[in-house]
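S.K.: Kindly generate the corresponding structure for this input.
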Amino acid sequence: MTAAPASTGGETKATRREWLGLIAIALPCMIYSMDLTVLNLAVPTLTRELKPGASQLLWIIDIYGFMVAGFLMTMGTLGDRIGRRRLLMIGAAFFGVASTVAAFSNSAEMLIAMRAVLGIAGATLAPSTLSLITVMFTDEKERTFAISMWIASFSVGAIVGPIIGGFLIEYFWWGSVFLIAVPPMLLLLAIGPLLLPEYRAPHAGRLDIPSALLSLAAVLGLVYGIKHWAAEGFDWPVAASVLIGLAFVLIFIRRQKRLADPMVDLAMFRIPAFRAALAINLAGILFMFGSFIFMAQYFQLVAGLTPLQAGLWSLPSAIAFTLASFVTPTLVGRYRPATLMAGGMALSALGFVWLVFAPSLIQIVAAGVVFSIGFTPVITLTTGIVVGSAPPERTGAASAMSETAVELGGALGIAVLGSLGAALYRNRMADVAVPGIGAEALAPARSTLGGALALASGLSPDQAGPMLARASEAFMVGFRAAAVLSIVGMLFCIVVTLTTLRDAKPGGAH
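M.R.: Residues are numbered from 1 along each chain as shown. The predicted structure follows:
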């Protein structure tokens, strides 16, 4: 256990040990974020060396995210029962070992297996670290600052991951990107027991295995269905997967109502601040993440940037979000959380308005910076309210629910806004014609802008020019429609915030 925090003026203040512990907590969060994106850079090289099939390549990329999403609830609850620091240390050890084995994988099957283990280990990191923050920082202002730094660590990972990964791939081999995780995990294992407190729920019962399996099946069904929807469009596998996931959700809820010591205390959802903050978090991530996907496509498909150039143009938004995370605690000291969140979402809405009318690459990037800055205090405060509203013995489970909302919000953002953009694109391109090209050959161009660019590469300038102009225009119609929907979403969240969270405090207490 850490030393008792100092008491100042009737408030419990963190000591130097807690602040050093916050640095230790930031390490796995950075790695968690980096591992979500860094593999994308290695795909071309590992494809040449491991020669995975198309399906295997998809599983190599997606299995990590699936396992993280599926095991978040289980790991959050397990941490409340066996100890949050203990679970974090176990997860860090497995993450380091799996990263090392993944780096030297000699087959696609071996890499898929190690990515799955990494996802399960990664699911211990976010809920364990966030719930430990609630134990280490009991002062509201300090807890808000700590959560801001916790969120910023994910952003830093997303920023430096591609840079470090690109360097390693350039000078070493594709597997070296996995070794990035090993030194931070070793450092965490060395200093974690010295700096981080242990906490387990008093009188906690055993983990209910059927509940864990039901939550896994529910989340995997929903996430798989939503991701398939984003990639292939809405079809019967999507409907079946989502319906199966929802069925498991209902079975899971019914089981929790019958258990004396449930995996998820459904009473938390009777707390208005808890459910409102969770909903705002999910909805905000939906619109933010969906818009970033459109921007990434715009960079390469409309502006014609290389992947590296597109990555560099994506950095301003990520850097703005990270810097705004450092400013949020100061603003929390001056404004009520509801006022600050409503103001942040209003700023995000203005950023989306700018996005609707932005005529150039620079203005689109600037609009992304504006709505990123606006949403920073929202995600910080909603996260604090979610974990702060839960009883101390349930903060691990509450942290996991917050992270699950982020995972589902991101997947929904791609699916919902992506489907809207795809539908508008197909509608605009339905009657496009190219002299000398049949309807069957035009089908890819009528479906996606990427298909239009692929077809144009084999056409003469006279044939390709008008078709590409029409395709780019059709893509931008979908892009702007997604921005308009994001404006509506932000305005709705403002109303919910001002009506439901007007009395909320930064740490969730009322």
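S.K.: What residues does residue 330 make contact with?
M.R.: If you count contacts by Cβ atoms under 8 Å, 6 or more residues apart in numbering, residue 330 has none. In this view, the C-beta of every residue, glycine as well, is placed from N, C-alpha and C.
S.K.: Which element, helix or strand, includes it?
M.R.: Using DSSP states H and E, residue 330 sits in helix 307-332.
S.K.: show me the contacts for residue 82.
M.R.: Here residue 82 is in contact with residue 200 (Cβ under 8 Å, 6+ apart).
S.K.: pLDDT score for it?
M.R.: If you check residue 82, the pLDDT there is 83.
S.K.: State the distance from it to residue 102.
M.R.: Separation of residue 82 from residue 102 (Cβ to Cβ, to the nearest Å) stands at 26 Å.
S.K.: got it, and residue 15?
M.R.: Distance of residue 15 to residue 102, computed by Cβ to Cβ: 38 Å.
S.K.: which of the two has more neighbours?
M.R.: residue 102 (25 against 14; other Cβ atoms under 10 Å).
S.K.: Return the per-residue confidence for the residue nearest to that one when sequence neighbours are not counted.
M.R.: Spatial nearest neighbour of residue 102, chain neighbours left out: residue 114 (3.7 Å); criterion: Cβ to Cβ, 6 or more residues apart in numbering. pLDDT for residue 114: 91.
S.K.: Now for residue 114, how many residues are close by?
M.R.: 23.
S.K.: Now do the same contact list for it.
M.R.: Counting by Cβ under 8 Å, 6+ apart, residue 114 makes contact with 98, 99, 101, 102, 105.
S.K.: Counting neighbours, what do you get for the last one?
M.R.: So that's residue 105. 21.
S.K.: all numbers from here: first residue = 773
M.R.: Shifting the count to begin at 773 puts that one at residue 877.
S.K.: Correct me if wrong, but it is in a strand.
M.R.: No - counting by DSSP: H, G, I helix; E, B strand; the rest coil, residue 877 is not part of a strand but coil.
S.K.: For it, which non-adjacent residue is spatially closest?
M.R.: Closest residue in space to residue 877, ignoring its immediate chain neighbours: residue 883 at 4.0 Å, by Cβ to Cβ, 6+ apart.
S.K.: Same check on the third one?
M.R.: Counting by Cβ to Cβ, 6+ apart, residue 873 lies nearest to residue 886, which is 5.2 Å off, once chain neighbours are set aside.
S.K.: Flag the shaky bits of the stretch 873-1022 of the chain, pLDDT-wise.
M.R.: For the stretch 873-1022 of the chain, applying pLDDT under 70 flags the ranges 975-977, 1002-1005.
S.K.: What are the buried residues along stretch 1193-1210?
M.R.: Counting neighbours by 16 or more other Cβ atoms under 10 Å, one finds that the buried residues in stretch 1193-1210 are 1193, 1194, 1196, 1197, 1200, 1201, 1204, 1206, 1209.
S.K.: Among those residues, name the ones in strands.
M.R.: The subset of the buried residues of stretch 1193-1210 located in strands under the criterion DSSP state E is empty.
S.K.: Which ones among those residues map onto helices?
M.R.: Secondary structure assignment by DSSP state H places 1193, 1194, 1196, 1197, 1200, 1201 of these in helices.
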